[in-house]
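>>> Prediction below, plus the sequence it came from.
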Amino acid sequence: MSVISIIGAQWGDEGKGRIVDYLATDADVVIRYQGGDNAGHTVVNDYGKFALHIVPSGIFNPKAISIVGVGAVVNFDTMEQELKGIPAALHKNLRIDSRAHLIMPYHCLLDGAEESKRSEHDKIGTTKRGIGPCYSDKAARTGIRAGELLNPEALKAHIEKILPKKNRELEYYGLKQFSVDELLQLCKKWKDTFGSRIVDTIPIVRQAVDAGRKIVLEGQLGIMRDLDWGIYPYTTSSNPTSGGAANVSGIAPNNIREIIGVTKAYSTSVGGGPFVAELFDEDGKKLRDIGAEYGATTGRPRRCGWLDAVALDYSSYLNGFTSIAVTRLDVLDSFEKIKVCEAYEIDGEITRYLPDTDGQERAKPIFRTFKGWQCDTTKCRRWDDLPREAQEYVRAIGEYAHCKVSYVSVGPERDQIIIL
């Protein structure tokens, strides 16, 4: 049996989608286990280039069942538009867990309104996709789940119960309010389009686990945006950790055999909160320009910095990485010197332990400098093809993460992954 969990080791945007796409080529089940359509997993394969927001990256394997799991929150309008860009023959194995919560139109409006009320310093950096408000309703036990679309009478009663409160919130912000009939019509449209794909996924997953099938678990964002362990309150509303993956994939922790952390060869972040290794100089601009570091969902420029080894060590410990995948090594090809933030200075004290948000906001990076390789790595297909300086840098990343490096990506194509 091979259950593999793919975890973002940084602030998100690490390149998880391309690793999942690669591992999914021979997978039997791929589960997108948390998050919503604020994700932007960029995948390049024989079908073309895709920015996946809610559809699992395993959709391109026609033999695999692709599941949007119970921990995800689903906007069916977004999913419908996304599927239009994917060959129809690949849609047949898509399933949505009946327990997954639905992003309703009022969630998106309230998300944007709440963010607009924050000061610039306090902005969380939400994508305004309704993710946070939907998870809030889930926690408050008032949310609407996908399976309710299959029971119109119960759904109507549920909407009639919760809508007055939602409309009062919308009225407070001066926003459009909704009628019960309006939402029921939308839900009927979603049922007509996706009703046959809404199922209890536990029997599918359990059968695959019992039969020893290959299962890949795909999360959204990274540990530094985790609701509990990330830079709260500048976080997502779920848990993109290995523990979170086990909880909401329906697979017991002792059945997960591999936990692969995905880290860029440098660091990026989108949204608010501390980012200790962030660069504000020409090197930061160069990383953004070469790496085309703009959000796949929002188009926002990403904050760029050198690799933060303090955060990577923290991520590896909390998730229990069995190995890591280093992505975008080729972005560093032209740098004469490459740095790694391997410690913080906080109030005159040196630490290699990642503090909570307040400590990170006061931290100053302490860098170690590596010699760059200054040659093209995009054509490298074997470890021995990489220049010596690149090998030394990758080995150092593995040492910072306290585990082996299993994959190194030197470009967006499937064949631009070096397997160690």
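Thanks, I have the structure now. Numbering: from 1, shown residues only.
>>> quick one: contacts of stretch 156-166?
Stretch 156-166 is contacted from outside by 106, 110, 137, 142, 144, 148, 178, 180, 183-184, 187, using Cβ atoms under 8 Å, 6 or more residues apart in numbering. The way it works is simple: take the backbone N, C-alpha and C, and place the C-beta from them, glycine included.
>>> Please repeat the previous calculation with a cut-off of 10 Å.
104-107, 109-110, 133, 137, 140, 142-145, 148, 151, 170, 177-184, 187 (Cβ atoms under 10 Å, 6 or more residues apart in numbering).
>>> Separate out the buried members of those residues.
104-107, 109-110, 133, 137, 143-145, 148, 170, 178, 183, 187 (16 or more other Cβ atoms under 10 Å).
>>> Out of the residues you listed, which sit inside helices?
105-107, 109-110, 133, 137, 170, 183, 187 (DSSP state H).
>>> between these, which is nearest residue 401?
Set against residue 401, the nearest of those by Cβ to Cβ is residue 133 (34.8 Å).
>>> OK, contacts around the residue nearest to the closest one when sequence neighbours are not counted?
Residue nearest to residue 133 in three dimensions, not counting chain neighbours: residue 107, with 4.2 Å by Cβ to Cβ, 6 or more residues apart in numbering. Residues near residue 107 by Cβ under 10 Å, 6+ apart: 36, 73, 75, 101, 128-137, 143-144, 166.
>>> do that again at 8 Å, thanks
130-131, 133-134, 137.
>>> Which stretches in the stretch 201-350 of the chain count as strands?
214-222, 258-264, 267-269, 303-305, 307-308, 323-327, 337-346, 349-351 (DSSP state E, counting those that start in this stretch).
>>> can you put these in TSV and add distance to residue 241, mean pLDDT and mean neighbour count?
Converted to TSV, the strands of the stretch 201-350 of the chain look like this (distance: least, Cβ to Cβ, whole Å; pLDDT from 0 to 100; neighbours: other Cβ atoms under 10 Å):
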stretch	distance to residue 241	mean pLDDT	mean neighbour count
strand 214-222	8	94	28
strand 258-264	10	98	25
strand 267-269	18	96	26
strand 303-305	22	96	24
strand 307-308	18	98	29
strand 323-327	15	98	25
strand 337-346	22	98	19
strand 349-351	22	97	10
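>>> And those: which comes nearest residue 361?
Comparison of the strands of the stretch 201-350 of the chain against residue 361 by Cβ to Cβ identifies strand 337-346 as nearest, at 9.6 Å.
>>> ok now that closest one, how far from the chain's centre?
25 Å (Cα atoms, centre = their mean, to the nearest Å).
>>> quick one: strands adjacent to it?
strand 307-308 (parallel), strand 349-351 (antiparallel), strand 364-371 (antiparallel) (DSSP bridges).
>>> Same list (the ones you listed) but as TSV, adding distance to residue 201.
Output for these, formatted as TSV (distance: least, Cβ to Cβ, whole Å):
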stretch	distance to residue 201
strand 307-308	36
strand 349-351	43
strand 364-371	43
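>>> wait, which of those strands is closest to residue 329?
Nearest of these (Cβ to Cβ): strand 307-308, 10.9 Å.
>>> tell me the angle of the least confident helix or strand in the chain by mean pLDDT relative to strand 214-222?
Within the chain, no helix or strand scores below strand 41-45, which has a mean of 79 by mean pLDDT, DSSP states H and E. With axes from the mean of the first three to the mean of the last three Cα atoms, to 10 degrees defining the directions, strand 41-45 sits at 130 degrees from strand 214-222.
>>> ok, and the closest non-adjacent residue to the residue nearest to the spatial centre of the chain?
Nearest to the mean C-alpha position of the chain, counting by Cα atoms, centre = their mean, stands residue 220 at 1.8 Å. Nearest non-adjacent residue to residue 220, counting by Cβ to Cβ, 6+ apart: residue 35, 2.8 Å away.
>>> same deal with residue 137?
Residue 137 sits nearest to residue 143 (Cβ to Cβ, 6+ apart), 3.8 Å away.
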